[in-house]
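> Pasting a predicted model and its sequence here:
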Amino acid sequence: MIQYLVKYGINCIQINDAGKQEETRLKVQEHKAQGLTQKKAAEAMEVSLRTVATYWNQEGRI
């Protein structure tokens, strides 16, 4: 039973992380569409430039 709960908890965390990653990717794409630079997008989102760079060219990917 404990192993099931641990596995279930890990799965929930992974799903939440995937949702956050998709949300971040979409925000990056919004800023890109608005004509912001990667640096300005990172500042607006309060994330690292590396995070923005990761999602900058990922249109439509998950």
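Ah, there it is. If you're wondering where the values come from, they're calculated on a predicted model, not measured in any experiment.

> going forward, measure contacts and count neighbours with C-alpha atoms only.
OK.

> so residue 52 sits right up against residue 41, yeah?
Yes - under the criterion of C-alpha atoms under 8 Å, residue 52 makes contact with residue 41 at 7.1 Å.

> so how many other residues sit close to residue 25?
22 (other C-alpha atoms under 10 Å).

> okay, how far is it across stretch 32-50, tip to tip?
15 Å (C-alpha to C-alpha, to the nearest Å).

> Could you pull out the buried residues of that stretch?
32, 38, 41, 42 (16 or more other C-alpha atoms under 10 Å).

> so where do the helices sit in this protein?
Counting by DSSP state H, one finds helices in the chain at the ranges 2-33, 38-45, 49-55.

> Confidence-wise, which of those is weakest overall?
For those, mean pLDDT drops lowest on helix 2-33, to a mean of 73.

> tell me, how many neighbours does residue 23 end up with?
Counted with other C-alpha under 10 Å, residue 23 comes out at 12.

> gap between it and residue 49?
Relative to residue 49, and taking C-alpha to C-alpha, residue 23 is found at 16 Å.

> Equivalent analysis for residue 21, please.
For residue 21, the distance to residue 49 - C-alpha to C-alpha - is 15 Å.

> Please apply the same query to residue 37.
10 Å.

> Please name the residues that touch the spatially closest residue to residue 51 that is not a sequence neighbour.
Counting by C-alpha to C-alpha, 6 or more residues apart in numbering, residue 42 is the residue found nearest to residue 51 once chain neighbours are left out, at 7.7 Å. Residues near residue 42 by C-alpha atoms under 8 Å, 6 or more residues apart in numbering: 48, 49, 51, 52.

> could you redo the last one with a cut-off of 7 Å?
48, 49, 52 (C-alpha atoms under 7 Å, 6 or more residues apart in numbering).
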